[in-house]
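Compute the structure for the input listed below.
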Amino acid sequence: MTLSATPLLLRIKQDFAGLRVVGDVHGDARAFAAAIEGAAAKRLFVLQLGDLTDRGPDSPATLRMAFDLLDSGRGLFILGNHDHKLRRALAGALVRPDPEGLGVTLAQLDAAPDGAELKARALAAIAEAPAWLRFGPWLFVHGGFHPRMLREPSPCDAGVGKPEGLVPRALFGQVTSRTRADGYPERLHNWVHRIPSGITVYCGHEMRSVDGRPYVAVAAAGGRAVFLDTGAGKGGHLSWIDLPW
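Numbers count the residues shown, from 1 in each chain. Model (predicted):
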């Protein structure tokens, strides 16, 4: 399925008062439920920035809510690296499950009464998730930005195959070949400074906040990047930002 931003934006503008942009959930279903309930009260479309599962206490419930948003036309999620890895594992690829991440999700799905249905739906929904989405001056992506994302739509099969082209940047940001002391890849933020004036990039993937609030970086080119991962499912909390029209 090819997701065209223009018809989608026209429909959302007609039916909703704005957007609620939600950061990485990582299985924190209670917080995600609160975000969705609040968005409904304000007539806001929920745009979640990827990494629905892993680490948190209830990834099955998180997936149920994400799929309900899709089915009801009240929201969608951007493709995150954890979503992509989950689909690969469910499709039978040789994936090493992190015992605190994907391993937790797979065990929770195996124990869920509707686990088989959730796995089948995850295979389909993640396959169709956009790797990035632009609405006018706003660009939504999980990991990192590239200027071509402003003029090129996400590949319709970004969630299916091996990440190629701009998809690795969208999923993982900009990384070196080195690993940090905490075991995570060393990340660069040069891409932030390529965001042009008038554009705001909303992303997740990396906890850059030091005060529990979304972290805002100002680009040398005049744009902004807003990092919304504040540690949901990892000892922190879930953050969101409301964008009225």
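
Find the nearest non-adjacent residue to the residue minimising distance to the centre of the chain, please.
For the chain, the residue sitting closest to the mean C-alpha position, by Cα atoms, centre = their mean, is Gly50 at 1.6 Å. If the residues on either side of it in the chain are set aside, Gly50 comes closest to Gly80, at 2.5 Å by Cβ to Cβ, 6 or more residues apart in numbering. All C-beta spots, glycine's among them, are computed from the backbone N, C-alpha and C.

Then Gly18?
The shortest distance from Gly18 to any non-neighbouring residue, by Cβ to Cβ, 6+ apart, is to Pro244 (3.8 Å).

I figured the one you found hits Val21, correct?
No: here Pro244 does not reach Val21: they are 11.8 Å apart, not a contact under Cβ atoms under 8 Å.

For the two, work out which one has more neighbours and name it.
Neighbours per residue, other Cβ atoms under 10 Å: of Pro244 and Val21, the larger number sits with Val21, 27 against 9.

Going C-terminal from the helix or strand harbouring the more buried one, what's the next secondary structure element?
Assigned by DSSP states H and E, Val21 falls within strand 18-22. Next along the chain after strand 18-22, taking DSSP H and E as the criterion, comes helix 29-41.

Need phi/psi at the most far-flung residue of the chain relative to its centre.
Residue farthest from the centre of the chain, counting by Cα atoms, centre = their mean, is Pro113 at 25.9 Å. Per-residue torsions, Pro113: phi -60, psi -30 (degrees, to the nearest 10).

do you know how far it is from Phe145?
According to Cβ to Cβ, to the nearest Å, Pro113 stands 40 Å off from Phe145.

do the same with Ala61
31 Å.

can you count the residues close to Leu166?
Neighbours of Leu166 under the rule other Cβ under 10 Å: 21.

Can you tell me the closest non-neighbouring residue to it?
Closest residue to Leu166 apart from its sequence neighbours, by Cβ to Cβ, 6+ apart: His146 at 5.3 Å.

Help me confirm that the one you found comes into contact with Trp191.
Yes: assessed by Cβ under 8 Å, His146 is found in contact with Trp191 at 6.5 Å.

Which neighbours do these two have in common?
Counting by Cβ atoms under 8 Å, 6 or more residues apart in numbering, the common neighbours of His146 and Trp191 are Arg169.

how about the helices of the chain, start to end?
5-15, 29-41, 59-72, 81-90, 102-111, 115-128, 167-172 (DSSP state H).

right, and those - which one's nearest Ala232?
Of all these, it is helix 29-41 that lies closest to Ala232, at 5.7 Å by Cβ to Cβ.

residue contacts, the closest residue to Leu171 other than its chain neighbours?
Spatial nearest neighbour of Leu171, chain neighbours left out: Asn81 (4.3 Å); criterion: Cβ to Cβ, 6+ apart. Contact partners of Asn81, counting by Cβ under 8 Å, 6+ apart, are 50-51, 142-143, 171-172, 205.

Mind picking the one among these that's closest to Asp157?
Of those, the one sitting nearest to Asp157 (Cβ to Cβ) turns out to be Leu171, at 13.6 Å.

surely that closest one meets Gly80?
Yes: with contact defined as Cβ under 8 Å, Leu171 and Gly80 form a contacting pair (6.8 Å).

Of those two, which one has the most company?
Under the criterion of other Cβ under 10 Å, the comparison of Leu171 against Gly80 puts Gly80 first, with 32 against 27.

residue contacts, that one?
24, 49-52, 142-143, 171, 204-205 are the contacts of Gly80 under Cβ under 8 Å, 6+ apart.

and the two most separated of these?
The most widely separated members of the contacts of Gly80, counting by Cβ to Cβ, are Leu52 and Gly143 (14.6 Å).
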